[in-house]
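1. Following is a predicted model, sequence given first.
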Amino acid sequence: MEGEPKDWIDYLAQMWHVLLALFTVLIAVVASAHAILNKRDTRAAVMWVALSWLVPLAGPVLYLTFGINRLRRRASQLRAACPRYQTTAGTLTEREQPLNKVTREWPSFVPLVRLMNQMTPQPLLAGNSVEPLVNGDAAYPAMLAAIDAAKTSVTFATYIFDQGQVGDMFADALTRALQRGVEVRVLIDDTGARYSWPSIVPKLKKAGIPVVRFLPTSVPFRTLAINLRNHRKILIADGLVAFTGGMNIRDGHQLSLNPKRPVQDIHFRLRGPIVGYLQEAFADDWMFSTRIELRGEKWFPPLVATGSVLTRCVPDGPDDNFEKIRWTILGAITCAQKRIRILNPYFLPDPAVLSAINVAAMRGVQVDIILPEKNNLPFVHWAMMAQLWQLLIRGCRVWLTKGPFDHSKLMVVDGVWSFIGSSNFDPRSLRLNFELNVECYCPKLAGELEAHIEGKLATAHQLTLFEVDNRPLLIKLRDGVARLLTPYL
C-alpha cells in the first residue's frame, strides 16, 4: 500500500502523452463544433476547423481568442439588462399610405419598402422636411439657434464632442438653455469624449448639465473600448426639430475658422413625424445608459406634417438591430435602375455588398463611388485601394475628391431615394457600432444631394483600373496587408 502513490505518479508519467493527445482532440472537437454551429461564412468555418486540427492546441486557442464573436454577444447582454424604449411603432394606415405613394410614383422601390417593413418596426412616414446643411459653417449655426430657441427640452447625442471654439459654443448654448429652465440631456460616447484633452465632460458637469458617457471604460485601449461605440449624432429641440448626419462637434468642421485639420461634412435638419422616432432612438440610448426613461409631451409632443418627404429612421447596432443598415443598402442597390452614387470616407464593403454593387453595374446601372483623395486614416485608405479593382473591373466609376478631407456619408439611388446619417461603409459601422441613418424618398432632396455630389466631381480625379494595377509592388503589398485588417479597421 505504501507504494501506491509512487505507482500512480509513475503511471501518469508514462501516460502523460496519451492524456495530452486526448485533451488536444477534445478541444479540437469543441472548437470545430462551435465554428460549424456559429460561423455564417462557410469559408471562415472551414478555416477555423482546419486550423483547429492542423495546428494542435494553438489552433483552438487562436479560435477561442479571435474566432468567437464576443462583441455581438456582449452587446446583446448589455441591452438585455435594460428594457428597450418603445413608443407606438406606427399603425397599419401609417404603413399603407406611404407604400401606396411609392407604388404610384416610384414602383421600382416597392420591394425596398416591403423589405424595410419586414425588417424594422419603424414605419415609413409621410409629411417630413429634410434640409441639407453643408459643413459646420451651415450646420453649427442652425443647431445652436435651435438650442437657443428651445423652450422645453434639448436632447443631444454625439460621438465626438471636442474642447475648442465650437465645443465651447455648444457648451455655452446648452448652459443657457438649462438656465432658462429647459430640460437638457447630453450623451457622449466614452471613446469620443477622449478625442480632446481635457475632455469637455467635466465642463458640462460643472455647468449642471446632465451628461453621460456611453459605455464608459477605465481601460481605454481594450478591444471593447474601440467597438460597441455609439457613433450616432442626434440633436433634438423641443421634440419638434432634429439634426442628424455624420458631423461631430469639432473645430475642423467649421471651415471659416481656418482649422489646422479642416474636414468637409454634411448634416441635416429634419421636421415632421420622423422627429419622434429620432427622439425614441435617443431615449432608448439614454435609458440604456442611465436606466431613466424620458416620456411625456416635453420629449414627445404631437407632430404634424411639415413637408413632402417620406422618411424612415433606421437604427443599427450589434444588438437586436444587427445589420439593418447593411440590409437597407443591399435592398436599395438591388432596386436601382439608373444610377447609384455613394459618397463615403471609409469604403470597405464586405463581399456581399461588393457583389451587389458589381451586379448593379453589370445590369447597366451607373455606379459612382466618391472617396477622399487623402484619408485621415492612412490604413483605411490603403485597404480601400486594395479593393477598388474589384469595382473598376466591372465598370463602376471611382472618384477621388480634392481636400479638405471629406467626412460626408451619402447614398442616392435613381434620383429618388437617399440614405443619410452616421454610418460608414465599413465593418465597424455595419457590424460593431451603434449607428443611425434615415432613408428618404423625395426627388427634390435627391436632386439637391446629387448637385452637391456633382460639385465635388467637378474637381475630382477619376481613378482608372490602369492606375490601380500599376501601383508599385511594395505599395500593392502594403495595401494588401491593410486589406487583411479590414474587419478591424
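-> Ah, there it is.
2. so who does the nearest residue in space to Pro404 that is not next to it in sequence touch?
-> Excluding its sequence neighbours, the residue lying closest to Pro404 (CB to CB, 6 or more residues apart in numbering) is Pro262, at 3.8 Å. All C-beta spots, glycine's among them, are computed from the backbone N, C-alpha and C. The neighbours of Pro262, taking CB atoms under 8 Å, 6 or more residues apart in numbering as the test, are 252, 255, 403-405.
3. how close does Pro262 get to Leu255?
-> 5 Å (CB to CB, to the nearest Å).
4. So for the two, which residues contact both of them?
-> Joint contacts of Pro262 and Leu255 (CB under 8 Å, 6+ apart) are Pro404.
5. correct me, but Leu354 touches Leu391?
-> Yes. The criterion here is CB atoms under 8 Å, and Leu354 meets it with Leu391 at 7.1 Å.
6. Of the two, which one has the most company?
-> Leu391 (22 against 16; other CB atoms under 10 Å).
7. following the host helix or strand of that one, which helix or strand shows up next?
-> According to DSSP states H and E, Leu391 maps onto helix 389-392. As assigned by DSSP H and E, the chain's next helix or strand after helix 389-392 is strand 397-401.
8. Against which helices or strands is that next one packed?
-> strand 366-372, helix 443-457, strand 461-463 (3 or more CB pairs under 8 Å, 6 or more residues apart in numbering; DSSP states H and E).
9. Please pick the buried ones from the contacts of Pro262.
-> 252, 404-405 (16 or more other CB atoms under 10 Å).
10. what's the closest of those to Gly192?
-> Gly252 (14.0 Å; CB to CB).
11. Just say helix, strand or coil for that closest one.
-> helix (DSSP: H, G, I helix; E, B strand; the rest coil).
12. Against Ala58, how distant is Ala33?
-> 18 Å.
13. actually Gln254, not the one I typed
-> Gln254 is 52 Å from Ala58, by CB to CB.
14. Neighbour count for the two, which is higher?
-> Shown here are Gln254 and Ala58; by other CB under 10 Å, Gln254 has more neighbours (22 against 11).
15. Spell out the secondary structure type for Phe156.
-> Per three-state DSSP, Phe156 ends up strand.
16. partner residues bridging it?
-> Beta-bridge partners of Phe156, counted by DSSP bridges, are Val186, Leu235.
17. Report the contact partners of Phe434.
-> 228-232, 285, 315-319.
18. try Arg114
-> By CB under 8 Å, 6+ apart, the neighbours of Arg114 are Leu99.
19. Can you check what pLDDT the model gives it?
-> Arg114 carries a pLDDT value of 95.
20. Quickly find the element holding it.
-> Applying DSSP H and E, one finds Arg114 within helix 110-119.
21. which residues in the stretch 51-200 of the chain form helices?
-> 58-62, 70-80, 92-105, 110-119, 135-149, 165-179 (DSSP state H, counting those that start in this stretch).
22. who touches the last one?
-> Just to be clear, that refers to helix 165-179. Contact with helix 165-179 is made by 136, 140, 143-144, 147-148, 150, 154, 156, 161, 184, 186, 196, 200, 203-204, 207-209, 249-251, 253-254, 257, as judged by CB under 8 Å, 6+ apart.
23. Now which of the residues you listed would you call buried?
-> Looks like these have 136, 140, 143-144, 147-148, 150, 154, 156, 161, 184, 186, 196, 200, 203-204, 207, 209, 249-251, 253-254 buried, using 16+ other CB under 10 Å.
24. how many other residues sit next to Val61?
-> Other residues close to Val61 by other CB under 10 Å number 13.
25. do Arg397 as well
-> Neighbours of Arg397 (other CB under 10 Å): 17.
26. residues contacting it?
-> Counting by CB under 8 Å, 6+ apart, Arg397 has contacts 366-369, 462.
27. now do Leu187
-> Here Leu187 is in contact with 155-158, 211-212, 214, 230, 282, 285-286, 289 (criterion: CB under 8 Å, 6+ apart).
28. hmm, try it at 7 Å
-> Neighbour list for Leu187: 157, 212, 214, 285-286, 289 [criterion: CB atoms under 7 Å, 6 or more residues apart in numbering].
29. ends of stretch 412-420, how far apart?
-> Using CA to CA, to the nearest Å, the end-to-end distance of stretch 412-420 comes to 9 Å.
30. buried set for that stretch?
-> 412-420.
31. What's the biggest strand in this protein, counting residues?
-> In terms of residue count, the longest strand belonging to the chain (DSSP state E) is strand 125-134.
32. Tell me the gap between that one and the middle of its chain.
-> Relative to its chain's centre, strand 125-134 lies at 20 Å (CA atoms, centre = their mean, to the nearest Å).
33. Partner strands of it, with direction?
-> Sheet pairing for strand 125-134, using DSSP bridges, gives strand 266-271 (antiparallel), strand 309-316 (antiparallel).
34. what angle do it and helix 135-149 make?
-> Following axes from the mean of the first three to the mean of the last three CA atoms, to 10 degrees, one obtains 120 degrees for the angle between strand 125-134 and helix 135-149.
35. tilt between strand 125-134 and helix 443-457?
-> Using the same axes, to 10 degrees: strand 125-134 against helix 443-457 is 20 degrees.
36. Dump strand 125-134 to PDB, restricted to CA.
-> The C-alpha trace of strand 125-134 is given here as PDB (Å, rounded to 0.1, in the frame of the first residue of the first chain):
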ATOM      1  CA  LEU A 125     -43.600  58.200 -42.500                       C
ATOM      2  CA  ALA A 126     -45.100  60.900 -44.800                       C
ATOM      3  CA  GLY A 127     -45.100  64.600 -44.100                       C
ATOM      4  CA  ASN A 128     -41.500  65.400 -43.300                       C
ATOM      5  CA  SER A 129     -39.000  68.000 -44.400                       C
ATOM      6  CA  VAL A 130     -35.300  67.300 -44.700                       C
ATOM      7  CA  GLU A 131     -32.800  70.100 -45.200                       C
ATOM      8  CA  PRO A 132     -29.100  69.600 -46.100                       C
ATOM      9  CA  LEU A 133     -26.600  71.700 -44.100                       C
ATOM     10  CA  VAL A 134     -23.100  71.700 -45.700                       C
END
